[in-house]
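> Give me a 3D structure for the following:
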Amino acid sequence: MSTFGTLTLRPLDPFTDAQLIHPWMTHPRSVFWPLWGARLHEVERAYMHVAAEEHHDAFVGLRDGEPAFLVERYDPRHVELADAHEPEPGDVGLRFLVAPGADHVEGFGQAALTTVLEHLFADPRTARVVVATDVADHAAQELHEVAGFVPGCEADGPEGRVLLCFCTRERFDAAVVRRAVAARPALTAGAPV
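Predicted coordinates:
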């Protein structure tokens, strides 16, 4: 359990969860999300399509059992950005959205993303996680960088110009260690060790 409680994932149900996630996607801070501004029926239809896809699925992230973030996992060989980079064996695509208001405590987004990456890397077939963020979404890019992502190339996506970033299992593990070390209290001169 983290300082943010227990963070878990459950499969998204497009029929029962569309009303839950619709306000997340229409919130002004979600402007870079692909479905930003969509109507409720459009969100439901989009996630019905995801549920029917063999290479794409979605999850609701829970904080102590309460919905707090949204996750999409996909095979980058089967999405519109597949031409922008050469997918490698073991690549997994990720879209990640924290619910507005769920991150009122600083660091929640990082804790939630860490939970998601732990989930993805728990599958031994996952070698690298790929994200495509709007080139203007600097907050998401900073969040990804702290988790171990490195920038790759820019590409034209369905909603505009995106930056592809990549995180290997090794880079993620190293980022977790760095954050753990940084979170330790500093030793002061003369303090017992």
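> tell me the mean pLDDT for stretch 87-95?
Averaged over stretch 87-95, pLDDT sits at 92.
> any idea how far that stretch is from the chain center?
13 Å (Cα atoms, centre = their mean, to the nearest Å).
> buried residues in it?
Buried residues in stretch 87-95, counted by 16 or more other Cβ atoms under 10 Å: 87, 91-95. Every C-beta, even on glycine, is put in place using the N, C-alpha and C of the backbone.
> Out of these, which comes closest to Ala112?
Set against Ala112, the nearest of these by Cβ to Cβ is Leu94 (12.1 Å).
> which ones are touching the closest one?
Counting by Cβ atoms under 8 Å, 6 or more residues apart in numbering, Leu94 touches 71-74, 116, 120, 129-131.
> Could you dump those residues into a markdown table and include secondary structure, pLDDT and distance to Leu7?
As requested, these are exported to a markdown table (DSSP: H, G, I helix; E, B strand; the rest coil; pLDDT from 0 to 100; distance: Cβ to Cβ, whole Å):
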| residue | secondary structure | pLDDT | distance to Leu7 |
| --- | --- | --- | --- |
| Val71 | strand | 97 | 11 |
| Glu72 | strand | 95 | 17 |
| Arg73 | strand | 95 | 16 |
| Tyr74 | strand | 93 | 21 |
| Val116 | helix | 97 | 9 |
| Leu120 | helix | 97 | 14 |
| Val129 | strand | 97 | 17 |
| Val130 | strand | 95 | 22 |
| Val131 | strand | 94 | 19 |
